[in-house]
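quick one, what's the 3D model for this:
(one chain, ligands or ions: 1)
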Amino acid sequence: MTTQLRTRMVSEFICLADKCEDTCCKHWSMQVDPVTLERYKKEAPELLGAVEQDSDNTYIMRKDKQTGYCVKFEDGICKIHKERGEGFLSDACNFYPRITRTAGDALIMTATMSCPEIARIALYGNEPFVFDETLFARVPFEVRNVLPDGMTQNDIIEIHKLFMQATGDETASAEKIFARIASVSRSLQRLEKKDWVRAAGLYFRLAESSIPQPEENINDPFNLLHSLCGLVVASQKNIPPRLQQTISDMEEALHVRLDWENILIHTSDESADAYNKLHALWKNEMQENFQPLLKRWLGAQLSSSLYPFAGLGESLTERVTIIGVRFAILRLALISVYSISNSQLHQDDVVRIVQSLSRFLDHLADPKFSLEIYGEAGWTKENRMLGLLN
Ligand code: SF4
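Next up is the predicted model:
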């Protein structure tokens with residue numbers, strides 16, 4: 001029998017429906033897979049009016065041009081789901097925020113923090129990343145196989161678990177754990193994949209000795225915000241209100257202004273001082289308290305991408321660079337909101353910050369442009385990347 005696994009956060013997930021603060025039924029192009037389209041043609045032709053083709057000729061759910069909501073979204077819930085049942089939902093609508101992959105004969109389901117409820121469970125739930133064995137009632141029409149040549153499904157699960165275990169080390173900071181993960185990733189990349197299972201454990205034991213000295217740059221915090229601005233503009237999408245709030249809070253805390261039209265960041269005479277104060281706030285007041293949260297966040301990044309076997313980026317170096325820059329952006333956002341709200345950061349604020357960044361960054365069509373920007377800032381070098389998290 002096929003092994004079927006899902007993370008505990010997937011087992012516990014229940015869609016917030018009309019209570020959701022940032023529904024996935026708004027603004028997104030939810031694809032309609034060929035099986036669902038065929039079903040509409042045969043069994044529910046009246047639903048074909050809710051489907052259209054985008055500029056790539058992909059079938060997607062039609063959105064209301066005024067509101068951005070899916071045309072089948074009514075009173076906070078999906079009308080197809082309500083009237084026809086989940087069997088009539090396309091894979092994208094049915095499975096989001098879950099991500100299904102195969103590794104040989106194993107089916108593995110994880111989830112993304114771009115959904116507010118998954119972000120909440122991942123950050124504050126009980127053991128959200130452990131695997132539960134299950135039997136899936138439905139499997140997506142198209143599932144990506146991440147099993148490399150020369151590996152077995154057990155190898156994949158074993159290596160992934162080593163990375164996940166690394167995030168649970170209570171004796172090390174989240175930043176140190178990230179540095180170890182970056183080091184092991186770079187070491188594994190030098191090997192053939194068939195040798196990973198033999199080497200991964202050893203590399204984790206030796207990781208500490210191969211972490212380079214972090215190299216900071218005074219412009220890094222401003223470049224982080226500027227890079228986010230560049231990515232938003234390049235995505236050609238409207239900036240969602242929750243992300244807008246996160247970015248505005250960072251502008252205010254850093255005493256800078258983003259010029260969205262020309263993709264510029266304007267610093268002021270107070271900007272350098274403002275960042276020094278934020279950095280001191282982090283070191284003296286926040287760092288220790290926020291460690292469990294940051295480790296959970298790191299765990300969620302690895303879990304959702306079945307790290308190191310999937311995720312944004314072609315190679316392990318690219319994948320870990322993308323995670324590292326996101327880590328630094330998240331930390332800067334948390335410090336910014338904490339400082340401007342007079343040291344108050346509630347669970348809802350944290351979920352909003354994490355989810356709003358994740359909704360934008362997890363769904364960038366192509367990581368190449370991100371990596372280009374990160375390369376120009378120097379963050380594709382390991383020591384510079386670690387400097388971002390110093
Ligand atoms: S974002 Fe998550 S909680 Fe909100 S409507 Fe979509 S699946 Fe449900």
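
so where's the stretch 1-150 of the chain uncertain?
The model of the stretch 1-150 of the chain has pLDDT under 70 over residues 1.

what parts of it come near the ligand?
Within the stretch 1-150 of the chain, the positions near the ligand by C-beta under 6 Å from any ligand atom are 15, 16, 20, 23, 24, 96, 97, 115, 116, 117. Bear in mind the C-beta positions are built from the backbone N, C-alpha and C, glycine included.

how about the contacts made by the last one?
Residue 117 makes contacts with 13, 14, 15, 16, 20, 97, as judged by C-beta atoms under 8 Å, 6 or more residues apart in numbering.

in ChimeraX, select just the buried ones from these.
Remark: buried members of the contacts of residue 117, expressed as a ChimeraX selection using 16 or more other C-beta atoms under 10 Å:
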select :13,15,20,97
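
redo the contacts of residue 117 as CSV? Include distance to residue 107 and secondary structure.
What follows is the contacts of residue 117, written out as CSV (distance: C-beta to C-beta, whole Å; DSSP: H, G, I helix; E, B strand; the rest coil):
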residue, distance to residue 107, secondary structure
13, 17, coil
14, 21, coil
15, 21, coil
16, 26, coil
20, 27, coil
97, 17, coil
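
just name the closest of the contacts of residue 117 to residue 32, please.
Lowest distance from residue 32 to these (C-beta to C-beta) belongs to residue 97, with 17.9 Å.

farthest from the middle of the protein: give me that residue.
residue 42 (36.9 Å; C-alpha atoms, centre = their mean).

quick one, phi psi at that one?
Main-chain dihedrals, residue 42, degrees, to the nearest 10: phi -80, psi -40.

got it, and residue 72?
Phi and psi for residue 72, reported as degrees, to the nearest 10, are phi -100, psi 10.

do you know how far it is from the ligand?
Counting by C-beta to the nearest ligand atom, to the nearest Å, the gap from residue 72 to the ligand is 13 Å.

can you check residue 295 too?
Look at residue 295 and the ligand: by C-beta to the nearest ligand atom, they are 23 Å apart.

that residue sits in which helix or strand?
If you go by DSSP states H and E, residue 295 is part of helix 287-304.

after that helix comes which helix or strand?
Next element after helix 287-304 (DSSP H and E): helix 316-340.

not counting its neighbours along the chain, what's nearest residue 354?
Nearest residue to residue 354, sequence neighbours excluded (C-beta to C-beta, 6 or more residues apart in numbering): residue 119, at 5.0 Å.

need the contact list for the one you found.
For residue 119, the contact set (C-beta under 8 Å, 6+ apart) comprises 113, 300, 351, 354, 355, 358.

which SS class is the first one?
Spelled out, it's residue 113. Here residue 113 is coil, with the state taken from DSSP: H, G, I helix; E, B strand; the rest coil.

measure residue 49 to the ligand for me?
According to C-beta to the nearest ligand atom, residue 49 stands 23 Å off from the ligand.

give me the neighbour count for residue 58.
11 (other C-beta atoms under 10 Å).

quick one, strands of this protein?
Assigned by DSSP state E, the chain shows strands spanning 4-7, 51-53, 59-61, 73-74, 77-78, 98-103, 106-111, 131-133, 144-145, 256-259, 264-267.

can you tell me the strand partners of the fifth one and which way each runs?
Sheet neighbours of strand 77-78, with direction, are listed as strand 73-74 (antiparallel) (DSSP bridges).

against residue 317, how distant is residue 189?
Residue 189 is 6 Å from residue 317, where distance means C-beta to C-beta, to the nearest Å.

sorry, slip of the keys, the one I care about is residue 277.
Using C-beta to C-beta, one gets 34 Å for the distance from residue 277 to residue 317.
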